[in-house]
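S.K.: Let me see the structure of the following:
(chains A and B)
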Amino acid sequence: MPVDIENMEKVFERPRSLTDAKFTYCPGCHHGILTRIIAQTIDELGIVERTVGIAPVGCAVFAYRWYHCDAIQASHGRGSAVATGVKRADPNLIVFSYQGDGDFASIGTAESIHAANRGENITIIFVNNQVYGMTGGEMAPTSLIGQRTTTTPKGRDPKLLGYPIRFSEMIAQLDGPVYVTRQSLYDIKRITQATKAIKKAFSYQVEGKGYSLVEVLANCPTNWRMSPEESNKHIAEVVSKVFPLGDLVDRG
Amino acid sequence: MKQRTLMRGNEVIAEAAIRAGCQCYFAYPITPQAELLERLADRMPELGRTFVQAESEIGAINMIYGAASVGVRAMTSSSSPGISLKQEGISYIAGANLPAVIVNIMRGGPGLGDIAPAQADYFQATKGGGHGDYHMIVLAPATVPEAGGLTMLAFELADRYRTPVMLLADGMLGQMMEPVRLPPPIDPQTLPKKKWATTGAKGREPNIIRSFDLDPEVLKEMNLELQRKYREVEKNEIRHEEYETDDAEIVIAAYGTVARIAKTVVTMARAKGIRLGLFRPITVWPFPKQPLKTLAERVETILTVEMSAGQMWEDVQLAVCERAATPFYGELGGVVPTPRGILAEVKKYAG
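M.R.: Predicted structure coming up:
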């Protein structure tokens, strides 16, 4: 039977909110998947014309390039404070801040916690890959015990350098947030779940419900010195044991 | 407001900010500027505007960065140690060409210092403060009414040049009360729309606010753009006051509270037959180099008086360039010079 090219149904395409700028991420990195999910969410909610994205410092520093929405490049760790300023200046804008673990859970600790505690009506996408990717693979606040990084060459020793910080659990015990969840992207099922969580987080903001935080356990094949496949397995078998997946708070 | 009201400096700055159409104010408590924060905590919500007590100075300045990106008039205020914390954010605001107003009610330093009036943040305010090649426009009021007027001007200049503007006052001006007639309010809705602001990409290409580019050639161009802006500011916005300088042999160079005290000294000196005048920069950046240079051609001595170890003194020396003698008298640590103390210094160079 001849193929009817003219009338084929398109079942998959680039989200309209995603630009065609080339990603600066390493091959196999989850940032690309996550960026696409956010763009798709913006499409589905029809909010691209009133969305402002906040780009962090770190591997995602170019996040202002990926979306057809307005964007602000923030200083390291201050995404939640910048998002607060934007949202308070114009509450009709939909504001999301995309931040890594060093940015959100180390240098930006104060800004991150207090924006959550004020219940700012913003959405945070918190990428936890347990390493400072851009600067060369140094220890992150989330690095696992024993994890070898360029600043823990013999592995993270908790006696000297503390423990992997479960930041979302810290945020979840506050009264301010509406939705706090930890997701991952290591297989199709998890990607589907993460997509739903991100859509819920943005929807809550659109509905004026308040602060939402989606932590995403991401890989870093380059600095973990693993293949993408091995890195997915590592998240499934090791990382998600330290950082349990699922909703921590849902008051929506 | 036609009648004059007796008001504290910090409160006048707060009211002037409201009248300038400031829609967002974010700050953290610190003495001696706390009344500014407290007044706006009361006033901004009743006007339907934004007040947030931030978790830190760093939080506050980054909220300003966000609000300024959306195009509204935004202000933060603090005092010396808090302004140090804001430097990262100020550098980003300058680098991203954002308008913002920052108030520094200076106190004694370094470190925790004290809570008494000082002028020891002049270097930080006028020479950069944070990292990178940038400047703020820095306005230095000498009286409480002038603090109000310059606050209004600060918002105007910030918008005109898309740059951070600092109101540089001290604890004396913040705490002192004077009769003030406040200028008429501006309706924020009547201010021109900012086409570059991140207000949502509806019917246009996305607007991006950033100070960042990895390509050195591009970043060089961004820097040159900043420098061109600073040359424009130097050309158009230098403000200063000369008092009794026409026949002066000696001139005091001073700004802010010290300049106000020096006016009294001019009267005292003239009563004793000393031909003393006052040169008062109102913009300390850009510094009024040319007017001071011109003045230096015809006076013997320019005595710089500051509540610091000699910070503006460096700019005075650069402008005067040995055309006149440039001695210095400073008080430190929050000590305010007295008219008699300054007069004693003047007498050293008289006759």
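
S.K.: Quick one: the strands in the stretch 151-300 of chain B, in order.
M.R.: Under the criterion DSSP state E, counting those that start in this stretch, the stretch 151-300 of chain B carries strands at the ranges B:164-170, B:177-180, B:208-209, B:240-243, B:250-253, B:276-281, B:283-285.

S.K.: Nearest to chain A, out of those?
M.R.: Taking C-beta to the nearest C-beta, strand B:208-209 is the member of the strands of the stretch 151-300 of chain B nearest to chain A, at 4.3 Å. C-beta: built from backbone N, CA, C; applies to glycine.

S.K.: who in chain B is up against chain A?
M.R.: Taking C-beta under 8 Å from any C-beta of the partner chain as the contact definition, chain B meets chain A at B:23-24, B:26, B:50, B:52, B:54-56, B:58-60, B:62-72, B:74, B:88-89, B:92, B:96, B:198-203, B:206-212.

S.K.: Write the ChimeraX selection for whichever of those are buried.
M.R.: If you want just the buried ones from those in ChimeraX, going by 16 or more other C-beta atoms under 10 Å in any protein chain shown, the selection is:
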select /B:23,24,26,50,52,54,55,56,58,59,60,62,63,64,65,66,67,68,69,70,71,72,74,88,89,92,96,198,199,200,201,206,207,208,209,210,211,212
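
S.K.: Please point out which parts of stretch B:289-301 sit buried.
M.R.: Under 16+ other C-beta under 10 Å, the buried positions of stretch B:289-301 are B:Lys289, B:Pro291, B:Leu292, B:Leu295, B:Ala296, B:Val299, B:Thr301.

S.K.: Contacts only, for the closest residue to B:Asp246 other than its chain neighbours.
M.R.: Nearest residue to B:Asp246, sequence neighbours excluded (C-beta to C-beta, 6 or more residues apart in numbering or on different chains): B:Gly277, at 7.6 Å. Neighbouring residues of B:Gly277 by C-beta atoms under 8 Å, 6 or more residues apart in numbering or on different chains: B:Glu242, B:Tyr243, B:Glu244, B:Thr245, B:Asp246, B:Asp247, B:Ala248, B:Ile250, B:Val251, B:Ile252, B:Val266, B:Val299.

S.K.: again with B:Glu15
M.R.: B:Met7, B:Arg39, B:Arg43, B:Gly148, B:Leu182.

S.K.: just checking, it is part of a helix?
M.R.: Yes - B:Glu15: assigned to a helix according to DSSP: H, G, I helix; E, B strand; the rest coil.

S.K.: Look up how far A:Cys69 lies from it.
M.R.: 37 Å (C-beta to C-beta, to the nearest Å).

S.K.: can you check B:Ala41 too?
M.R.: Taken as C-beta to C-beta, the span from B:Ala41 to A:Cys69 is 33 Å.

S.K.: neighbour-wise, which of the two wins?
M.R.: For B:Ala41 versus A:Cys69, the count of surrounding residues by other C-beta atoms under 10 Å in any protein chain shown is larger for A:Cys69: 26 against 16.

S.K.: Surely A:Val216 is in contact with A:Leu185?
M.R.: Yes - judged on C-beta atoms under 8 Å, A:Val216 makes contact with A:Leu185 at a distance of 6.5 Å.

S.K.: and B:Pro183, how many residues sit next to it?
M.R.: 16.

S.K.: The buried residues of stretch B:289-301 in helices, which ones?
M.R.: If you go by DSSP state H, the buried residues of stretch B:289-301 have B:Lys289, B:Pro291, B:Leu292, B:Leu295, B:Ala296 in helices.

S.K.: Which parts of the stretch 151-252 of chain A are strands?
M.R.: A:179-184, A:212-217, A:246-250.

S.K.: Of all these, which one is nearest chain B?
M.R.: strand A:212-217 (16.5 Å).

S.K.: Off-centre distance for that closest one?
M.R.: 6 Å (C-alpha atoms, centre = their mean, to the nearest Å).

S.K.: Which secondary structure elements does it sit against?
M.R.: Here strand A:212-217 touches strand A:123-128, helix A:167-172, strand A:179-184, helix A:188-206, going by 3 or more C-beta pairs under 8 Å, 6 or more residues apart in numbering or on different chains; DSSP states H and E.

S.K.: can you list those in CSV and add mean neighbour count, distance to chain B and mean pLDDT?
M.R.: As requested, the helices and strands packed on strand A:212-217 are arranged in CSV below (neighbours: other C-beta atoms under 10 Å in any protein chain shown; distance: least, C-beta to the nearest C-beta, whole Å; pLDDT from 0 to 100):
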stretch, mean neighbour count, distance to chain B, mean pLDDT
strand A:123-128, 27, 14, 98
helix A:167-172, 20, 14, 98
strand A:179-184, 25, 19, 98
helix A:188-206, 19, 13, 98
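
S.K.: The nearest residue to A:Lys199 once chain neighbours are set aside: how many residues sit nearby?
M.R.: Take A:Lys199 and drop its neighbours on the chain: the residue closest to it by C-beta to C-beta, 6+ apart is A:Thr41, 4.9 Å away. Other residues lying near A:Thr41 total 24 when counted by other C-beta under 10 Å.

S.K.: dump the residue contacts of A:Thr41.
M.R.: Neighbour list for A:Thr41: A:Thr195, A:Ile198, A:Lys199, A:Phe202 [criterion: C-beta under 8 Å, 6+ apart].

S.K.: returning to that earlier point: distance to A:Ser231 for the helices and strands packed on strand A:212-217 - can I get that in a markdown table?
M.R.: Below are the helices and strands packed on strand A:212-217 laid out as a markdown table (distance: least, C-beta to C-beta, whole Å):
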| stretch | distance to A:Ser231 |
| --- | --- |
| strand A:123-128 | 13 |
| helix A:167-172 | 21 |
| strand A:179-184 | 11 |
| helix A:188-206 | 13 |
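
S.K.: Could you single out the nearest of the ones in helices among the buried residues of stretch B:289-301 to B:Thr257?
M.R.: B:Leu292 (19.7 Å; C-beta to C-beta).

S.K.: quick one: the closest residue to that closest one other than its chain neighbours from B:Trp196, how far?
M.R.: Leaving aside its chain neighbours, B:Leu292 sits nearest to B:Ala319 (4.3 Å; criterion: C-beta to C-beta, 6+ apart). Taking C-beta to C-beta as the criterion, B:Ala319 is separated from B:Trp196 by 35 Å.

S.K.: ok, the two, which is more surrounded?
M.R.: Applying other C-beta under 10 Å to B:Ala319 and B:Trp196 shows that B:Ala319 carries more neighbours, namely 23 against 14.

S.K.: leaving aside the residues next to it on the chain, what's closest to residue 176?
M.R.: Unless you meant another one, I'm taking chain A. A:Gly119 (3.6 Å).

S.K.: right idea, wrong chain: chain B
M.R.: B:Met176's closest residue in space is B:Gly9 (C-beta to C-beta, 6+ apart), at 5.5 Å.

S.K.: Just list the residues touching that neighbour, thanks.
M.R.: Counting by C-beta under 8 Å, 6+ apart, B:Gly9 makes contact with B:Ile105, B:Val144, B:Ala147, B:Ala169, B:Leu173, B:Gly174, B:Gln175, B:Met176, B:Met177, B:Glu178.

S.K.: hmm, back to that, any residues in contact with both of A:Val216 and A:Leu185?
M.R.: By C-beta under 8 Å, 6+ apart, the residues touching both A:Val216 and A:Leu185 are A:His30, A:Leu34, A:Ala194.

S.K.: Need the residues you listed in JSON lines (columns: distance to A:Thr19).
M.R.: As requested, these are exported to JSON lines (distance: C-beta to C-beta, whole Å):
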{"residue": "A:His30", "distance to A:Thr19": "19"}
{"residue": "A:Leu34", "distance to A:Thr19": "15"}
{"residue": "A:Ala194", "distance to A:Thr19": "21"}
